[in-house]
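Colleague: Quick check, what structure comes out for this input:
(one chain, ligands or ions: 1)
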Amino acid sequence: MARLTDDEVATRLEGSEWRQEGEAIERDLRFPDFALAIAFVDRVAEVAEAANHHPDILVHGWNKVRLTLSTHSEGGLTEADFALARRLDELAA
Ligand SMILES: C[C@H](O)[C@H](O)[C@H]1CNC2=NC(N)=NC(=O)C2=N1
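Modeller: Numbering: from 1, shown residues only. Next up, the predicted model:
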């Protein structure tokens, strides 16, 4: 899958909860407690396995989750990252 251009990335990020960090996109989420944060991470893992596309996941500050997406094989952002981001937004909604 081809890497997206800077313009293509910017277009996809418009109005979204995600921001660009170098060659990746990130979204921060906060939950009422640790158990709910981990339950969300479990669901992220299921979706990622099904898509065979895997975010970096950081659980920090007991109730916060940071998701980072990039396509390792391409060394940057591809449509696969934004497709997974949309699925993860559905989970988070
Ligand atoms: C062999 C397997 O298809 C690859 O290693 C997949 C798995 N998950 C992946 N996830 C992400 N984020 N980037 C990849 O390039 C990637 N590659």
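
Colleague: so what secondary structure elements neighbour the helix or strand hosting residue 49?
Modeller: Assigned by DSSP states H and E, residue 49 belongs to helix 34-51. Here helix 34-51 touches strand 56-60, strand 64-69, helix 79-92, going by 3 or more Cβ pairs under 8 Å, 6 or more residues apart in numbering; DSSP states H and E. In short, each C-beta sits where N, CA and C put it, glycine included.

Colleague: partner strands of the first one, parallel or antiparallel?
Modeller: For strand 56-60, the pairing partners within the sheet under DSSP bridges are strand 64-69 (antiparallel).

Colleague: Measure how the strand it pairs with sits relative to helix 79-92, angle-wise.
Modeller: Interaxial angle of strand 64-69 relative to helix 79-92 (axes from the mean of the first three to the mean of the last three Cα atoms, to 10 degrees): 160 degrees.

Colleague: wait, what's in contact with the spatially closest residue to residue 54 that is not a sequence neighbour?
Modeller: The shortest distance from residue 54 to any non-neighbouring residue, by Cβ to Cβ, 6 or more residues apart in numbering, is to residue 48 (4.6 Å). Neighbour list for residue 48: 54, 55, 84 [criterion: Cβ atoms under 8 Å, 6 or more residues apart in numbering].

Colleague: how far away is the first one from residue 34?
Modeller: Using Cβ to Cβ, to the nearest Å, we find residue 54 at a distance of 22 Å from residue 34.

Colleague: Show me which residues of this protein are close to the ligand?
Modeller: Residues of the chain lying near the ligand by Cβ under 6 Å from any ligand atom: 52, 53, 54, 71, 72, 73.

Colleague: Would you list the phi and psi of the fifth one?
Modeller: Its backbone dihedrals place residue 72 at phi -60, psi -40, with angles given as degrees, to the nearest 10.
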